[in-house]
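Peer 1: Sequence first, then the predicted structure, then my questions.
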Amino acid sequence: MQHKSLVALFLAALLGAAVGTGVTLGLMRTATPAQIPAPPVQPPLQPAGTADPVVSIVKRIAPAVVSIQTLTPGQQTFFGVTPPREGQGSGVIVTPEGRILTNSHVVAGSAQIRVRLSNGETLPGKLIGQDRRSDIAVVQVQGRNLPTAPLGDSSALQVGEAVVAIGNPMGFQSTVTTGVVSALNRTLAPEPGTLLEDMIQTDAAINPGNSGGPLVNSRGEVVGINTLIISTAQGLGFAIPINGAQRVAEQLVERGRVARAWLGVATVPLPEEMAAAVGLPAGTGAYVAEVLPGSPAARAGIQRGDIMVRAGGQPIRGADALREVIQSQQVGARITVEVLREGESIEIPVRLGEAPAS
C-alpha cells in the first residue's frame, strides 16, 4: 500500500509536467539472507599511455559484458498463434563459473536463452531465477575462468560522478557511452507489478539492447545494471543500484525467489502542522494511514493514526525512511517500533513477516 501511494504521487508529478509542457513522457524498457560481505575496494585506474581513463575502464569491464539473445514461443490468440519472438539484451559476468546478472524483462517468458561472450563464442544460457518486482535475473552458462567484472558500492555514488555504460544496443556489441550520475534514489513503475526504487539516473546514452549491461564508475567497478530510458526525452536513463541487485541475485541463487521483510502498514509523511503539534521537527515522523489485517503490524498492536518516529533504532524521516529500514531487515527479524499515540510515546516490538507476492 505504501509503495502504491509513492508510485501514484510520482506518476501524478510526471503527468502534471507532461500536461504543462505539451510533452508526452514514456517509460521504455531498453531490451529488444546471508550477510553480503563488503565488496573489495578496487585501486584507482592509472591509464598507461593515455590521458583518458575510459580506455582502461573498458579494457577491464568489456570482456565480462555479454549479449543475451532470447526466443519466446508464439501464443494462442483469438486470431491464431502468434509467431515466435526474438529478443535481445545485455548482461555482465560476475563469477568465473559463468553467473550472469541481467534484467528480468530481458529473459521473461523466453523458452531459449543464448549468450554471446565478448570473444564471439555463443553458449546456451540457463535461467536460475528472476524477480519481476526488482527487474533482476540470474542466468548461468557453463564456463571456467571466464572474465568477470568487479562489483562496487552503489551507496557511495554521488551526483555528478562520472560513469560509463557498456552494452549491446541495437545489436552493436560492446558499445561504450559515457556520462554522469544525474540523480539518485529515483522511483519508477514501468509496468504493473514492477516497482523500481532507489534508481540511478544517468545521462550516459542507453538504447534498446542495453538492458542488463553494467553501469561502471571511474574506478572500473560495476555500480548499476542499466534498465530503462524515458523514450520521449534525451539523456534520461536509469540503472538499478548494484547493492540491491546483488542482494536479489543471491536470494535467487539460494532459493529461486526473493523473500522481502514486511511490516504491513501504509504511511504518509507527517504534515508540518501535525509534526509541530506533537513536538516533532518538520520532515520527521510517518503517519499510519492503514494497518493491513493479519499483518505483523496488526498483530503487534500498531494502530491507524499512530505516528511512527523510530523503527529498528533508526529515526523515521518520512515514509521512504521506514521502507528503507524494513527492506534492510531479514524476514523474521524482530525490531522495535516507537510510535506517538494520543501524546504518549510507546515502544512496540514487532516480528517482521514475508511480504505477500505482488
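Peer 2: Nice, thanks for sending it over. Numbers count the residues shown, from 1 in each chain.
Peer 1: So for this structure, which residue is the most central one in space?
Peer 2: I240 (3.7 Å; Cα atoms, centre = their mean).
Peer 1: I'd like the distance between Q75 and T82.
Peer 2: Here Q75 is placed at a distance of 5 Å from T82 (Cβ to Cβ, to the nearest Å). Bear in mind the C-beta positions are built from the backbone N, C-alpha and C, glycine included.
Peer 1: just E338 next, same as before
Peer 2: 55 Å.
Peer 1: neighbour count winner among the two?
Peer 2: A count of neighbours by other Cβ atoms under 10 Å puts E338 above the other of E338 and T82, at 18 against 12.
Peer 1: any idea which helix or strand carries that one?
Peer 2: strand 334-341 (DSSP states H and E).
Peer 1: That strand: which residues count as buried?
Peer 2: 335, 337-340 (16 or more other Cβ atoms under 10 Å).
Peer 1: Quick one: list the elements packing against it.
Peer 2: strand 307-311, strand 344-351 (3 or more Cβ pairs under 8 Å, 6 or more residues apart in numbering; DSSP states H and E).
Peer 1: most neighbours per residue, which of these?
Peer 2: strand 307-311 (a mean of 22; mean count of other Cβ atoms under 10 Å).
Peer 1: Describe which strands the helix or strand following it pairs with in its sheet and in which direction.
Peer 2: Beyond strand 307-311 on the C-terminal side, the first helix or strand identified by DSSP H and E is strand 314-315. Partners of strand 314-315 in the sheet, by DSSP bridges, are strand 307-311 (antiparallel).
Peer 1: send the alpha carbons of the partner strand over as CSV?
Peer 2: Extracted C-alpha coordinates of strand 307-311, given in CSV (Å, rounded to 0.1, in the frame of the first residue of the first chain):
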residue,chain,number,x,y,z
ILE,A,307,2.8,8.4,14.3
MET,A,308,5.9,6.4,13.8
VAL,A,309,9.1,8.1,14.9
ARG,A,310,11.6,5.3,15.1
ALA,A,311,12.0,1.8,13.7
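Peer 1: before we move on, back to that, can you redo the buried residues of strand 334-341 as CSV with pLDDT and distance to M308?
Peer 2: Formatted as CSV, the buried residues of strand 334-341 follow (pLDDT from 0 to 100; distance: Cβ to Cβ, whole Å):
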residue, pLDDT, distance to M308
I335, 95, 12
V337, 96, 6
E338, 96, 7
V339, 96, 5
L340, 95, 8
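Peer 1: Out of those, which comes closest to Q327?
Peer 2: I335 (12.2 Å; Cβ to Cβ).
Peer 1: burial count for the nearest residue to that closest one once chain neighbours are set aside?
Peer 2: Leaving aside its sequence neighbours, I335 sits nearest to G312 (Cβ to Cβ, 6 or more residues apart in numbering; 4.1 Å). By other Cβ under 10 Å, the residues close to G312 number 19.
Peer 1: roughly how far apart are G312 and S328?
Peer 2: Applying Cβ to Cβ to G312 and S328 gives a distance of 8 Å.
Peer 1: Let me know whether T175 touches A204 as I believe.
Peer 2: No - with contact defined as Cβ atoms under 8 Å, T175 does not reach A204; the gap is 11.0 Å.
Peer 1: neighbour-wise, which of those two wins?
Peer 2: Per other Cβ under 10 Å, whichever of T175 and A204 has more neighbours is A204, with 23 against 20.
Peer 1: what's the neighbour count on the residue lying closest to that one once chain neighbours are set aside?
Peer 2: Leaving out its chain neighbours, the residue that sits closest to A204 by Cβ to Cβ, 6+ apart is G179, at 3.1 Å. A count of nearby residues for G179, using other Cβ under 10 Å, gives 17.
Peer 1: and G179, backbone torsions?
Peer 2: phi -180, psi -150 (degrees, to the nearest 10).
Peer 1: Now do the contacts for it.
Peer 2: 162-163, 165, 202-205, 235, 237 (Cβ atoms under 8 Å, 6 or more residues apart in numbering).
Peer 1: Out of those residues, which end up buried?
Peer 2: Among the contacts of G179, those classed as buried by 16+ other Cβ under 10 Å are 163, 165, 202-205, 237.
Peer 1: Now for these: which two are most distant?
Peer 2: V163 and A205 (11.4 Å).
Peer 1: so after the helix or strand encompassing R247, what's the next helix or strand?
Peer 2: Using DSSP H and E, R247 sits within helix 242-255. Downstream of helix 242-255, the next assigned helix or strand under DSSP H and E is strand 261-262.
Peer 1: those strands in the stretch 51-200 of the chain, which residues are they?
Peer 2: Per DSSP state E, counting those that start in this stretch, the stretch 51-200 of the chain carries strands over the ranges 65-72, 76-77, 80-81, 85-93, 99-102, 112-116, 122-124, 126-131, 136-140, 162-167, 175-191, 194-202.
Peer 1: And the pLDDT at A319?
Peer 2: Listed pLDDT for A319 reads 57.
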